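Student: Here you go, sequence then predicted model.
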Amino acid sequence: MKTASPKPLMYYALDILSRRRYSIVELRKKLALKGGTEEEMDKVVTRLIELKYLDDDEFAYLFLENELRRSPQGLMAIKKKLKAKGISSSIIEKALSRNEIDELAVARTAMQKKLRNIHALTPQKLQQKIFRFLVSRGFSSGIALKAIKSSKSIEEQEIMSFED
């Protein structure tokens with residue numbers, strides 16, 4: 001593997017950061033693929049943090065906003081995605097507290113979108129299908145049940161008990 005000097009690594013980092021935001025861990029992986037040593041990557045990452053081009057707090061906040069705008073999903077799913085991008089739990093919690101998300105409202109939005117595409121099911125089958133859909137989107141079972149109970153689109157108001 002060839003080694004790169006910090007200057008070309010910096011240019012490469014600036015180039016990819018001009019296209020989209022990256023977490024520190026993601027950027028380090030990209031720089032490693034480019035052949036950077038630990039010392040060179042440390043210099044580049046430190047300088048980018050000083051220049052405020054790299055900031056995990058801001059990355060997590062913007063990622064969270066973008067994910068919720070793009071596709072309604074639960075906080076568990078978003079947390080999992082942020083963890084996969086190398087964001088620490090404390091930074092994730094800070095981003096969540098900055099956004100003040102009403103997860104029940106997001107679940108209702110996801111459910112309403114799903115209901116547009118579901119036809120000819122009994123109320124019980126519909127409830128089961130919506131419950132599985134919401135849980136698969138990262139909503140807790142409690143939030144999923146609350147969203148289903150509060151839905152006016154599902155005719156039957158009695159919700160069968162689901163095991164958590």
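Tutor: Sure, I can see it.
Student: Look up how far residue 59 lies from residue 134.
Tutor: For residue 134, the distance to residue 59 equals 27 Å [C-beta to C-beta, to the nearest Å]. In short, each C-beta sits where N, CA and C put it, glycine included.
Student: so how far is residue 48 from the residue nearest the centre of the chain?
Tutor: Residue closest to the average C-alpha location in the chain (C-alpha atoms, centre = their mean): residue 78, at 2.9 Å. Computed as C-beta to C-beta, the residue 78 to residue 48 distance reads 25 Å.
Student: swap in residue 41?
Tutor: Distance from residue 41 to residue 48, by C-beta to C-beta: 10 Å.
Student: what do you get for residue 26?
Tutor: As judged by C-beta to C-beta, residue 26 and residue 48 stand 12 Å apart.
Student: for residue 20, same thing?
Tutor: According to C-beta to C-beta, residue 20 stands 14 Å off from residue 48.
Student: cool, and residue 62?
Tutor: Between residue 62 and residue 48 the distance is 16 Å, computed by C-beta to C-beta.
Student: who's more crowded, those two?
Tutor: Ranked by neighbour count (other C-beta atoms under 10 Å), residue 62 and residue 48 place residue 48 first, with 19 against 13.
Student: ok, which stretches of the chain are strands?
Tutor: Ranges of strands in the chain, per DSSP state E: none exist.
Student: ok, now which ones touch the closest residue to the residue nearest to the centre of the chain other than its chain neighbours?
Tutor: Excluding the flanking residues, the one nearest residue 78 by C-beta to C-beta, 6 or more residues apart in numbering is residue 67, at 5.2 Å. Counting by C-beta atoms under 8 Å, 6 or more residues apart in numbering, residue 67 touches 73, 78, 81.
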